[in-house]
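Engineer: have a look; sequence and predicted model below, questions after that.
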Amino acid sequence: MNPVDLARAEIRALKPYASARALADSAGVLLNANENPWPPLGDAGLSLNRYPDPQPAALKRRLAEVYGVDEAQLLITRGSDEGIDLLVRVFCRAGSDRVLICPPCFGMYALSARVQNAEVVEAPLREAERGWELDRSAVEQAAPCRLYFLCSPNNPTGNLIEPETVLDLAGQVADHGLVVIDEAYIEFCERASLAEQVGAQPNLVVLRTLSKAYALAGCRIGAVIAEAGVIDLLRRIIAPYPLPTPSVAAALTALDPAALDRQRDQLARLAELKTTLLAQLHRHPAMTTVWPGEANFVLVRVDDAARLVADAFDAGIRLRDQSGQPGLAGCVRMTIGSEHEMQSLSEFLRHWPT
């Protein structure tokens, strides 16, 4: 089935709003958008008095190159969060369609579904001896769902899902749903992205972001990679000007070849720092379980997660208590930081608990 046919009928029939920039480029005498003609103080040549291109051509071209996809298969969004929200609003009829999540996982999948009044169906991950695993039988039993949200590496457990599993599931549910694979942390592992498989599997959607490995969390730049018809539907409901000009400029700089070389060096440093932290955690008597994962964080289980987070807070260190997630009682997530930050964490753990 064409995935476009799975979208809400009113979205398929919707005529999108056409902004001034969508109707005409930013060249010439600009009297079509009710803008202030003078740049603000501190503009630094960015022309912040002008509305930005809804989908900046240079950034879209560069992201398509980096991700190895066609430009028609890519929509630039305000982080992955906006991509998740757009997918739910386009494909889920309120009070009718179902969304699958595999907890413990990123909370925005369920939140976006509930805002849309779509039913949330859970197929919890299984805690196995070697780490967390997707329960394929539970996923299959949850069908039919309109959207199947998967995350690899998963947040907060760090486990990977085999590409063959994702593609097989997409083929199995093609008559009624889309499989959405969130690859926010893919750069931190050696696994290849599934982005290039979108052309062969039309109901596969891949989420990417510049927030993590590209160090642009404050810029809010992400991407939805999907079949061109799906991208067209998402564009119909995205905000007229979703991408701030400074964020676009920062993203282009971060995707420059020299910046990518710097990024590779940073990823290698983070991997070394993670290895050092893991060695300390495995030796620590208070850590009952340590999950290394494949991302830029480590998940641990301790007897008193609340105390660990509170004591770390008092020491000026912010950790994330994950105990509220299904199956993660007593679990804390630790992000891999800079050398100085990891030294601070190491010193704290050396004397904790007191």
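Structural biologist: Perfect, thanks for sending it. Numbers count the residues shown, from 1 in each chain.
Engineer: what residues are bridge-paired with the nearest residue to residue 110 once chain neighbours are set aside?
Structural biologist: Leaving aside its sequence neighbours, residue 110 sits nearest to residue 120 (C-beta to C-beta, 6 or more residues apart in numbering; 4.9 Å). Yep, even glycine has a C-beta here, placed from its N, CA and C like the rest. Note on residue 120: beta-bridge partners by DSSP bridges are residue 99.
Engineer: counting neighbours, what do you get for residue 120?
Structural biologist: When neighbours are counted by other C-beta atoms under 10 Å, residue 120 registers 17.
Engineer: do the same with the one 10 residues further on
Structural biologist: Burial measure for residue 130: 7 neighbouring residues, criterion other C-beta under 10 Å.
Engineer: and if you look at residue 60?
Structural biologist: Residue 60 has 18 nearby residues by other C-beta under 10 Å.
Engineer: and it, what does it touch?
Structural biologist: 71, 74, 76 (C-beta atoms under 8 Å, 6 or more residues apart in numbering).
Engineer: how is residue 207 assigned, secondary-structure-wise?
Structural biologist: Assigned by DSSP: H, G, I helix; E, B strand; the rest coil, the conformation of residue 207 is strand.
Engineer: could you pull out the buried residues of the helix or strand of the chain with the lowest mean pLDDT?
Structural biologist: Between all helices and strands in the chain, the lowest mean by mean pLDDT, DSSP states H and E belongs to helix 20-23, at a mean of 88. Across helix 20-23, burial judged by 16 or more other C-beta atoms under 10 Å covers 20, 21, 22.
Engineer: downstream of that helix, the next helix or strand is which one?
Structural biologist: Next in sequence after helix 20-23, counting helices and strands by DSSP states H and E, comes helix 57-67.
Engineer: tell me which strands whatever helix or strand comes next after that next one pairs with, and in which orientation.
Structural biologist: Next in sequence after helix 57-67, counting helices and strands by DSSP H and E, comes strand 74-77. Using DSSP bridges, the strands paired with strand 74-77 in its sheet are strand 222-225 (antiparallel).
Engineer: now what about the strand it pairs with, what contacts it?
Structural biologist: By C-beta under 8 Å, 6+ apart, the surrounding residues in contact with strand 222-225 are 63, 67, 69, 73-83, 86-87, 195, 198, 205-211, 231, 234.
Engineer: tell me what the very next helix or strand once past it is packed against?
Structural biologist: Once the chain leaves strand 222-225, the next helix or strand it forms, by DSSP H and E, is helix 228-237. With contacts taken as 3 or more C-beta pairs under 8 Å, 6 or more residues apart in numbering; DSSP states H and E, helix 228-237 sits against helix 9-12, strand 74-77, helix 79-91.
Engineer: to residue 35, which of the ones you listed lies closest?
Structural biologist: Proximity to residue 35 (C-beta to C-beta) singles out strand 74-77 among these, at 21.7 Å.
Engineer: please name the nearest non-neighbouring residue to residue 271.
Structural biologist: residue 188 is the one closest to residue 271 (C-beta to C-beta, 6+ apart), at 7.9 Å.
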